[in-house]
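[1] got a predicted structure here, sequence first:
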Amino acid sequence: MAEKIIVAVGMEFTLVDKTKVKHISLKGNRERIEFQDMNYPIFKGSTFADSKKVDELLDSGEVEIFKLKDYPTWPSTVEIGE
């Protein structure tokens, strides 16, 4: 089973297989989210161009979109790398 990660842009996010975003450079934003009874780090695009790619993924209709404000988030004390 492929590893799932949270990718976000703006105030929205999705849970995807890591392989689906391998073409996008991501960085951890030092936050975590509780989603579907799991605790995930939140990843965002490393650059503006990468953020646009995440936005395009969310707009593609291929993934389910969720609002960050609807789920508990908290600061992470650990820097998260790709």
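    It's in.
[2] ranking helices and strands of the chain by mean pLDDT, which lands last?
    Of all helical and strand segments in the chain, the minimum by mean pLDDT, DSSP states H and E falls on strand 73-75, at a mean of 89.
[3] that one: partners in the sheet, and parallel or antiparallel?
    Here strand 73-75 has these sheet partners by DSSP bridges: strand 26-35 (antiparallel).
[4] now residue 6: how far from residue 76?
    12 Å (CB to CB, to the nearest Å). C-betas here are computed from N, CA, C, even on glycine.
[5] distance of residue 2 from residue 17?
    Going from residue 2 to residue 17 by CB to CB gives 4 Å.
[6] again with residue 11
    Distance check for residue 11 against residue 17: by CB to CB, it reads 23 Å.
[7] can you check residue 76 too?
    Taking CB to CB, one finds residue 76 at 22 Å from residue 17.
[8] quick one: which of these two has more around it?
    residue 76 (16 against 12; other CB atoms under 10 Å).
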